[in-house]
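A.B. asks: Predicted model, plus sequence, below.
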Amino acid sequence: MRSYRLEGSGGTECLVMRDAAQPEPKPHEIVVRVRATSLNRRDTMILNGTYPLPPRHGVVPLSDGAGDIVAIGDTVTRLAVGDRVTGSYFARWIDGRINAGLIDQLGCTLDGMLTEYAVLDEQWAARLPDHLDWHEAATLTCAGLTAWNAVTSTGIPKPGQWVLVIGSGGVSLFALQFAKLLGCCVVAVTSRGEKADRLRALGADLVISTSDIPQWGATVRDQTGGIDLVVETGGPATFAQSLIASTLYGHIVLLTLQDAQGGPIQLPAALYQRSLVTISRLFVGNRTNLEAMMRAGSQHRLRPVIDKVFAFSEAGDAYRYFQQGDVFGKVVIDGA
């Protein structure tokens, strides 16, 4: 079988394709024929050596992928041959709160999904919704679950309240879709006005172009009465405006802590002194969260947004395309 391996952390030249024998499952394992994978920002950070959790040398990259089970071990009971599955980002984190013993991640410290055949412990996988094709199903593990937990885990928002999303990457578009699923109103902030119609088509009630309104926080607050929940993916470039846009008791889920140059988030004291906004962090989520998200997506027939699909042999090109940043939804790599 063919697998990509990360042999170093100096960019796409460290992404190397290797051949190996098709794996056989141990008693508690499943073998998945991977049909598609997708990229997240963390994958480019791992590739470039800037991710806070050091990857294992030679690891198979990518946390996100989807496929069907072709073999199972003798003691496997949760899943069966033929099941369509995806892996769980924090593979060992099944439920409850995370702790130091549960930090192993697919595509970082554990072999991920950029391979023809992935071997997973049966506890590391979850069944996929039937209505998704392979490309769509390959986008859920990181961006989908991060957005789901950002929107649902705080107790905010309620139907009719306002949610703000930033940009048009995977997390932002998933958050927009989940917020609408919950009956919320959504503001979408974009640096490119030409994306406004596509954001409205996904359900955005108000679209703000930063090229037209660079200091957009007050405008958003005036037009909405204040944002109840910000899914803050912009980091240092947008955090102050998110704070300005929020209601007095709003909530900001902070997902990006630094910009591309490593510049950190700054908490503007003069703004924060006038606010009672709660600022929180989250780390993707556990398998129980993943399964809940997929049940909701199945019930509402939610379909992830795909920007572009690359062939398996074009994985390096997929990374480079993703890193240039101007995407609308998820970048997917076809199965081998």
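C.D. replies: That came through, no problem. Numbering: from 1, shown residues only.

A.B. asks: outside of the lowest-mean-pLDDT helix or strand in the chain, which residues touch it?
C.D. replies: Every helix and strand in the chain was compared by mean pLDDT, DSSP states H and E; the lowest is helix 269-272, with a mean of 82. Under the criterion Cβ atoms under 8 Å, 6 or more residues apart in numbering, residues 240, 243-244 lie in contact with helix 269-272. Yep, even glycine has a C-beta here, placed from its N, CA and C like the rest.

A.B. asks: ok, and the most crowded of those residues?
C.D. replies: Of all the contacts of helix 269-272, Leu243 has the most neighbours under the rule other Cβ atoms under 10 Å, reaching 22 neighbours.

A.B. asks: quick one: which of the contacts of helix 269-272 is nearest to Arg84?
C.D. replies: Leu243 (41.8 Å; Cβ to Cβ).

A.B. asks: Which of the contacts of helix 269-272 lies at the shortest distance from Ile265?
C.D. replies: Ala240 (9.5 Å).

A.B. asks: secondary structure class for the closest one?
C.D. replies: helix (DSSP: H, G, I helix; E, B strand; the rest coil).

A.B. asks: Find the nearest non-adjacent residue to it, please.
C.D. replies: Pro268 (5.2 Å; Cβ to Cβ, 6 or more residues apart in numbering).

A.B. asks: Likewise for Arg78?
C.D. replies: If you skip the residues right next to it in sequence, Arg78 has Glu122 as its closest partner in space, 4.9 Å away by Cβ to Cβ, 6+ apart.

A.B. asks: backbone phi and psi for Leu282, please?
C.D. replies: phi -150, psi 160 (degrees, to the nearest 10).

A.B. asks: so how far is Trp162 from it?
C.D. replies: Per Cβ to Cβ, to the nearest Å, Leu282 is found 20 Å from Trp162.

A.B. asks: cool, and Gln273?
C.D. replies: Distance from Gln273 to Trp162, by Cβ to Cβ: 23 Å.

A.B. asks: what's the burial count for Leu114?
C.D. replies: With other Cβ under 10 Å as criterion, Leu114 counts 31.

A.B. asks: same thing with Gly65?
C.D. replies: 31.

A.B. asks: Can you classify it by secondary structure?
C.D. replies: Following three-state DSSP, Gly65 is assigned to strand.

A.B. asks: Leaving out sequence neighbours, find the closest residue to it.
C.D. replies: Met113 (2.7 Å).

A.B. asks: just to revisit the earlier point, out of Gln273 and Trp162, which sits in the busier spot?
C.D. replies: Legend: neighbour count by other Cβ under 10 Å for Gln273 and Trp162, higher for Trp162 (26 against 7).

A.B. asks: Specify the residue positioned farthest from the middle of this protein.
C.D. replies: Asp74 (32.9 Å; Cα atoms, centre = their mean).

A.B. asks: backbone phi and psi for that one, please?
C.D. replies: phi -60, psi -30.
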